[in-house]
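Novice: The following block contains a protein sequence and its predicted model.
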Amino acid sequence: MSAKLIDGKSIADTLQQELRSRVAGITASGRRAPALATLLVGADPASHVYVRNKRLACERIGVRSLPLEFGSGISQAELLAEIERLNNDPEVDGILVQLPLPAQIDSTAIIEAIRPDKDVDGFHPYNLGRLAQRQPVLRPCTPFGVIEMLRRSGETFYGRRAIVVGASNHVGRPMGLELLLAGATTTVCHRFTRDLADEVARAEIVIVAVGKPGFIKGDWIAPGATVVDIGINRLPDGKLCGDVEFDVARQRAARITPVPGGVGPMTVTMLMHNTVLAATR
Ligand SMILES: Nc1nc(=O)c2c([nH]1)NC[C@@H]1CN(c3ccc(C(=O)N[C@@H](CCC(=O)O)C(=O)O)cc3)C=[N+]21
């Protein structure tokens, strides 16, 4: 068997077209376009690439982008003042502070300073709490994108055995909450999990967000499973790869996401979705 590829890029393109029409509807009715402020601190090349992708997505969809950049030496107080200004700016619907931040800045304090109704990353404790209590408002973009991608490619969740490998605040944990919300029997594994191979082998839906190339061995995957690889690792030769041993996993899975072209484009698209939602609520 060779798994069918789940084409996140093409699902993301479709969603972006839908968002583009919605934004066109908003502006046609005389309202201003939704606006997203992106705050980038320092010169990390990967962060610059990701933020540029987000700004390009804004252009495609008709969202106004307010690109803000700060030197790596900015203080916590200065960054907080910037957020306060954007919180109070009626022309700004969404605020995204690209992570990671330099060491002198407490990213928890920054995330908690963003008004929950402008928190388009969905990282504020209010938004995570709403998701945990099954009343989601603004949802973390990557897990939300995984669910939307799987739904649009025909996956069902009710009563199905799902596993998340990786329990980070921004990806693994909210991914577990999304799967619970969708009705899956959900296991979240992490660095203290014993017998990870056995846990993975029991799952019908396997979602991996660890950040280590080849961490999930292909022969752990149950025949017929759906595999979603959230990992993005750059190899020494410059190529991108995920956390799953792709070639072997592909021989066992029914469906699998590629890296690149899988989850990444969905993340950016759900950020646009959240920005339009923040502008229209
Ligand atoms: N506040 C905040 N919000 C984020 O959402 C956030 C962040 N900080 N910090 C960094 C991570 C990473 N992230 C990605 C988004 C898109 C791709 C993406 O589009 N990837 C393409 C490939 C891009 C490439 O070629 O490098 C793909 O997988 O096909 C990747 C990674 C968002 N993040």
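Specialist: Great, that's in hand. Numbers count the residues shown, from 1 in each chain.

Novice: Return the residues in contact with Glu69.
Specialist: Leu39, Leu40, Val41 (C-beta atoms under 8 Å, 6 or more residues apart in numbering). All C-beta atoms are positioned from the backbone trio N, CA, C, and that covers glycine.

Novice: should've said Leu80
Specialist: Under the criterion of C-beta under 8 Å, 6+ apart, the contact partners of Leu80 comprise Ala109, Ile110, Ala113.

Novice: okay, now Arg31: neighbour count?
Specialist: When counting by other C-beta atoms under 10 Å, one arrives at 12 neighbours for Arg31.

Novice: per-residue confidence for it?
Specialist: The model reports Arg31 with a pLDDT of 98.

Novice: Wasn't it part of a helix?
Specialist: No: in this structure, Arg31 is coil, not part of a helix, as judged by DSSP: H, G, I helix; E, B strand; the rest coil.

Novice: for it, phi and psi?
Specialist: As for Arg31, its main-chain torsions (degrees, to the nearest 10) stand at phi -90, psi 160.

Novice: list the contacts for the residue of the stretch 1-150 of the chain found nearest the ligand?
Specialist: The ligand sits closest to Leu99 of the stretch 1-150 of the chain, with a gap of 3.8 Å, by C-beta to the nearest ligand atom. The contact partners of Leu99, taken as C-beta under 8 Å, 6+ apart, are Ser107, His170.

Novice: low pLDDT regions in the stretch 1-150 of the chain?
Specialist: Segments of the stretch 1-150 of the chain classed as low confidence (criterion: pLDDT under 70) are not present in this model.

Novice: If we ignore the residues flanking it in sequence, what's nearest Cys58?
Specialist: Excluding the flanking residues, the one nearest Cys58 by C-beta to C-beta, 6 or more residues apart in numbering is Ser65, at 3.8 Å.

Novice: these two touch, right, that neighbour and Thr38?
Specialist: Yes: shown here, Ser65 and Thr38 form a contact pair, counting by C-beta atoms under 8 Å, at 6.6 Å.

Novice: Near the residue in the stretch 151-281 of the chain positioned nearest to the ligand, how many residues? Count them for me, please.
Specialist: The shortest separation between the stretch 151-281 of the chain and the ligand is 2.2 Å, found at Gly264 (distances taken as C-beta to the nearest ligand atom). One way to gauge burial is a neighbour count; for Gly264, by other C-beta under 10 Å, it gives 23.
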